[in-house]
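In: Give me a 3D structure for the following:
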Amino acid sequence: MSGGVDSSVAAARLCDAGYDVIGVTLHLWDYPDDRSERGRCCAPEDQHDARRAADHLGIPHYTFDRRELFRAHVVDPFVDAYLEGETPSPCVACNRSVKMRELFPLAERLGASFVATGHYARTEIGEDGRGRLYRGKDRVKDQSYFLHMLREDELRRLVLPLGDATKEEVRAEAHARRIPRADKGESQELCFVPSGGYGAFVENRAGRERVRPGPIVDERGRTVGQHEGVHRFTIGQRKGIGVALGRPAFVVGIDAESGAVRLGGEDALLATGALLEAGAWSFDVTFPLEADVRVRARHEGERATIERVVDPDEGEVLVARFRTPVKAVSPGQVAVAYDGDRVYGGALIKAAIHGSAGGAA
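Out: Below is the predicted model:
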């Protein structure tokens, strides 16, 4: 229970269904005491709100300290990725290495048969008795992308009470049930990054000695400016670059080793494919795989063929080749494959591939 509307309604629905429900909140991060971080996932008031919701429902509630785990598996890799010129996906890392990976062992300790969350996604157990993951009914709120890594045995034990609901329905239900803080707003920011932005956070955590300043170069390799660190840029970025070329310019490449940030036109952002790590895939997936691939959480997806290839430098890897070029494929993000609503799995993006020759960049 995060203290938000979604997990509170999910718990209420489970109570209605006759389950013996135990509320669990993970303490992941410490925040200022000045209430400046309200409105974030895992914000300071959330543990209190979760307890109030549990009391309202008449269920026990426990909070477990997982701050060190969160720092090691989410915050530190987030900082490292930006310093390497990548764009990390911390919410995927949190679900993979902290939330979901901790909840199942905690369920064992508490004597619970199932784990339930307020994610907008669905699980189904097929005629073969095996668990599979699907998109939620609410396509705007669908969070299956963040759960793509779950194993089949975990999916069999995972209950998602909001999978067939829309956010509007859940909000109305929270008010009807008089759940405390039913009017609580959506989390809009990363829970651990202060309002000052990613750049300052990375610098404060890493120290100035790890920051990599360097040149900003145009399509011809000419230096058109200087920057204070590659961690302040992401592929596809247009605003806040710090130079004016008299024409639309986007960040199309980041070389962390040299510190160079490369600019180009919008066409230079188009990738014909992506080089992927091994990833986590459903038990019934075989390669080559035809699927709709989302290269970031807000991406609608593009039809692609994913196949295993041997890279001279990386060894055996996966390559996704898009039917139509995709804009701003960024190393550090996650490619998740779908067949309709079914989630096949996904993998970390190592590099974008540009051109028909398939060279990575």
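
In: looking at it, residue 14 is touching residue 159, isn't it?
Out: Yes - in this structure, residue 14 is within contact of residue 159 by CB atoms under 8 Å, at 7.0 Å. Every C-beta, even on glycine, is put in place using the N, C-alpha and C of the backbone.

In: Please enumerate the shared neighbours of the two.
Out: Residues within reach of residue 14 and of residue 159 at once, by CB atoms under 8 Å, 6 or more residues apart in numbering, are residue 116.

In: Could you check the helix or strand residue 12 falls within and say which residues are buried?
Out: For residue 12, the host element (DSSP states H and E) is helix 5-16. By neighbour count on 16 or more other CB atoms under 10 Å, the buried set for helix 5-16 is 5-14.

In: Quick one: list the elements packing against that helix.
Out: helix 46-57, strand 115-116, helix 167-176 (3 or more CB pairs under 8 Å, 6 or more residues apart in numbering; DSSP states H and E).

In: Indicate which one of the ones you listed is closest to residue 183.
Out: helix 167-176 (7.6 Å; CB to CB).

In: sorry, back to before: can I get the helix holding residue 12 in CSV? Just the C-alpha atoms.
Out: Extracted as CSV, the C-alpha positions of helix 5-16 are listed here (Å, rounded to 0.1, in the frame of the first residue of the first chain):
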residue,chain,number,x,y,z
VAL,A,5,-5.9,6.0,-4.1
ASP,A,6,-5.1,3.0,-6.3
SER,A,7,-3.6,0.7,-3.7
SER,A,8,-6.2,1.7,-1.2
VAL,A,9,-9.1,0.8,-3.5
ALA,A,10,-7.3,-2.4,-4.5
ALA,A,11,-7.1,-3.4,-0.9
ALA,A,12,-10.8,-2.6,-0.4
ARG,A,13,-11.8,-4.8,-3.4
LEU,A,14,-9.8,-7.7,-2.0
CYS,A,15,-11.6,-7.3,1.3
ASP,A,16,-14.9,-7.4,-0.5
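
In: Only C-alpha atoms, please: export the next helix or strand after it in CSV.
Out: Using DSSP H and E, the helix or strand that follows helix 5-16 in sequence is strand 23-27. The C-alpha trace of strand 23-27 is given here as CSV (Å, rounded to 0.1, in the frame of the first residue of the first chain):
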residue,chain,number,x,y,z
GLY,A,23,-1.4,-3.9,4.2
VAL,A,24,2.3,-3.5,3.5
THR,A,25,4.2,-0.3,2.8
LEU,A,26,7.9,-0.1,1.9
HIS,A,27,9.9,2.8,3.3
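
In: Please name the strands paired to strand 23-27 in the sheet, noting orientation.
Out: strand 61-65 (parallel) (DSSP bridges).
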